[in-house]
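Chemist: pasted the sequence and its predicted model underneath.
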Amino acid sequence: MHLFTSSVYQQRRQHLQSKFESGLLLFPGNNESPMNYAANTYHFRQDSSFLYYFGIDLPGCCAIIDVDENATILYGPQWSLDDIVWMGPQESLTALAEKVGIQQTAAPFAIKDKIQGAQKANRPIHYLPPYRADRQLQLADWLGTNAQQSKQQFSPSLVKAVVDQRAIKGKEELAELEKALTITGAMHQAAMQKARPGQLEAELAGIAHGTAVGVDSYPAYPIILTVNGQTLHNHHHHNPLQSGQLVLGDFGAESPMHYAGDITRTFPVDKTFSDRQKSIYQIVLDAQLAAIDALRPGTLFKDVHLLASQKISEGLCALGLMKGKPEEAVAAGAHALFFPHGLGHMLGLDVHDMEDLGEDIVGYDDSVKRSDQFGLAYLRLGRALQAGFVLTVEPGIYFIPELIDQWQASGKFQEFINYEEVVKWKDFSGIRIEDNLLITAEGSQLIGPPIPKTIAEVEQVRQQ
């Protein structure tokens with residue numbers, strides 16, 4: 001089990017505890033989740049907030065910070081000889097607790113008594129929104145409510161305190177993100193290098209997956225690797241690669257301590273891009289570079305998204321696919337025919353960092369509200385940037401036949417879209433380019449090693 005030093009976890013808990021005057025801060029960890037029967041489970045992934053404050057990467061754990069008593073208690077499994085027979089020698093809960101600066105441990109059945117005692121004393125019970133059904137039921141039992149109430153009665157003040165704290169990455173977290181991005185880079189290089197006409201997408205997805213597993217890592221999210229890049233989150237891998245197509249790969253690894261990498265690269269099945277592919281690819285790359293250059297503390301990420309959107313509109317106007325003034329097209333939302341998603345999102349222990357706590361709480365605030373405009377509504381991060389944020393920058397251009405047909409049939413944005421030319425591109429698929437950036441005091445800094453992304457760099461890898 002990989003852990004930071006005990007002082008890291010102690011300081012994190014002390015900072016959080018200082019935001020509350022009374023009550024229990026309740027952090028259930030995750031349990032095993034069965035695939036088709038209890039003993040055959042999915043790959044275990046610990047809850048990210050539990051990892052952040054307590055570090056213990058084992059199923060069946062829970063922790064409570066008792067604000068009034070200034071005490072932290074770790075609840076977890078007590079190993080039997082049967083456990084050791086099946087799983088080998090296990091480190092005791094007490095020994096693990098000491099490694100993360102916790103002096104008190106208890107068996108899981110003691111949690112309910114602790115919570116009910118606090119309830120009788122009219123002390124608040126703070127917990128984060130449960131995103132697993134088994135956790136909703138467990139909370140309901142502990143709290144004496146039902147599953148629906150346990151889902152709804154989470155603590156907004158705890159959510160806000162956790163979001164504010166986890167949003168700013170410490171040096172130890174940045175080191176983990178570097179590890180994640182190093183593995184992620186190797187995954188992308190391997191897939192980009194080994195792609196050949198006739199292969200199934202599944203073979204390349206397996207190469208990327210195996211690259212991570214081979215260094216004792218695991219994908220941070222299901223691998224997207226597809227010749228149908230116009231489908232934004234395409235998890236099917238059954239298509240053969242054919243000459244003339246593009247491959248879009250959106251995947252990343254977790255570091256040993258579960259920090260996520262999230263990179264997208266798009267490359268040709270052939271050894272080189274066609275002129276047509278180059279024209280779209282360069283627009284996306286120029287939009288990404290302009291967006292990265294605009295990153296700095298105090299800047300609204302929503303404005304960076306709109307800047308990338310304008311660059312895309314300018315490029316598509318130059319190709320004759322859009323028309324009119326690019327800034328007016330973006331204001332109206334016409335560019336979203338080609339760029340129907342947000343520019344990026346926060347990144348950390350989760351690939352969409354803290355999304356379980358509420359996307360609008362993480363990505364927006366009182367001064368910046370989410371838009372309801374198509375495309376812009378999918379922007380997960382709109383608020384002002386702060387030094388210490390880690391985020392993705394991932395513009396794209398897509399030709400989605402069904403969306404093109406619908407907009408054309410309804411005459412939507414005819415003043416900005418040259419449908420006569422656009423329909424000739426319905427077989428193109430899509431291109432997305434994504435990198436992970438740290439916001440610094442002066443601007444931004446790439447996390448991890450550079451991964452080939454210029455046309456020349458990608459083609460050089462494809463020659464190998």
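Modeler: Nice, I can see it. Numbering: from 1, shown residues only.
Chemist: how about G170, what does it touch?
Modeler: V8 (Cβ atoms under 8 Å, 6 or more residues apart in numbering). C-beta here means a position set from N, CA and C on the backbone, and glycine is covered the same way.
Chemist: again, but for S313
Modeler: Taking Cβ under 8 Å, 6+ apart, one finds 322, 326-327, 329-330, 334-335 in contact with S313.
Chemist: okay, and which of those map to helices?
Modeler: 326-327, 329-330 (DSSP state H).
Chemist: all strands for the stretch 151-300 of the chain, in order.
Modeler: Per DSSP state E, counting those that start in this stretch, the stretch 151-300 of the chain carries strands over the ranges 224-226, 246-251, 263-268.
Chemist: of those, which is nearest L438?
Modeler: The closest of the strands of the stretch 151-300 of the chain to L438 is strand 263-268. By Cβ to Cβ, the value is 14.7 Å.
Chemist: what packs against that closest one?
Modeler: helix 171-194, strand 246-251, helix 275-294, strand 430-432, helix 455-462 (3 or more Cβ pairs under 8 Å, 6 or more residues apart in numbering; DSSP states H and E).
Chemist: can you list the strands that the fourth one pairs with?
Modeler: By that I understand strand 430-432. strand 396-398 (antiparallel) (DSSP bridges).
Chemist: how far out from the middle of the chain is the strand it pairs with?
Modeler: Centre-to-centre, strand 396-398 and its host chain are 19 Å apart (Cα atoms, centre = their mean, to the nearest Å).
Chemist: check stretch 189-197 too.
Modeler: Relative to its chain's centre, stretch 189-197 lies at 24 Å (Cα atoms, centre = their mean).
Chemist: got the contact list for Q242?
Modeler: Here Q242 is in contact with 197-198, 227, 269 (Cβ under 8 Å, 6+ apart).
Chemist: what's the following helix or strand after the helix or strand of the chain with the lowest mean pLDDT?
Modeler: The least trusted helix or strand in the chain, going by mean pLDDT, DSSP states H and E, turns out to be helix 81-87, with a mean of 89. Going down the chain from helix 81-87, the next helix or strand is helix 93-99, by DSSP states H and E.
Chemist: buried ones in that next one?
Modeler: Across helix 93-99, burial judged by 16 or more other Cβ atoms under 10 Å covers 93, 96-97, 99.
Chemist: and the spatially most central residue of the chain, what does it touch?
Modeler: With distances taken as Cα atoms, centre = their mean, the residue of the chain nearest its centroid is V351 (1.7 Å). Contacts for V351 (Cβ under 8 Å, 6+ apart) come out as 220-221, 252, 260, 262.
Chemist: same list, those, but as JSON lines with distance to P89 and pLDDT please.
Modeler: Formatted as JSON lines, these follow (distance: Cβ to Cβ, whole Å; pLDDT from 0 to 100):
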{"residue": "A220", "distance to P89": "30", "pLDDT": "98"}
{"residue": "Y221", "distance to P89": "33", "pLDDT": "98"}
{"residue": "G252", "distance to P89": "33", "pLDDT": "98"}
{"residue": "A260", "distance to P89": "31", "pLDDT": "98"}
{"residue": "D262", "distance to P89": "36", "pLDDT": "98"}
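Chemist: most neighbours among these, which one?
Modeler: Most neighbours among these, by other Cβ atoms under 10 Å: G252, with 29 neighbours.
Chemist: might one say that that one is in contact with I223?
Modeler: No. At 9.1 Å, G252 and I223 do not qualify as touching, with contact defined as Cβ atoms under 8 Å.
Chemist: buried subset of the contacts of Q242 as a ChimeraX selection?
Modeler: Here is the ChimeraX command that selects the buried residues among the contacts of Q242 (16+ other Cβ under 10 Å):
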select :227,269
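Chemist: so which of the contacts of Q242 comes closest to Y9?
Modeler: Nearest to Y9 among those, with distances taken as Cβ to Cβ, is V227, at 44.6 Å.
Chemist: which residues does that closest one contact?
Modeler: Counted by Cβ under 8 Å, 6+ apart, V227 has contacts 201, 239, 241-242, 245-248, 269, 429.
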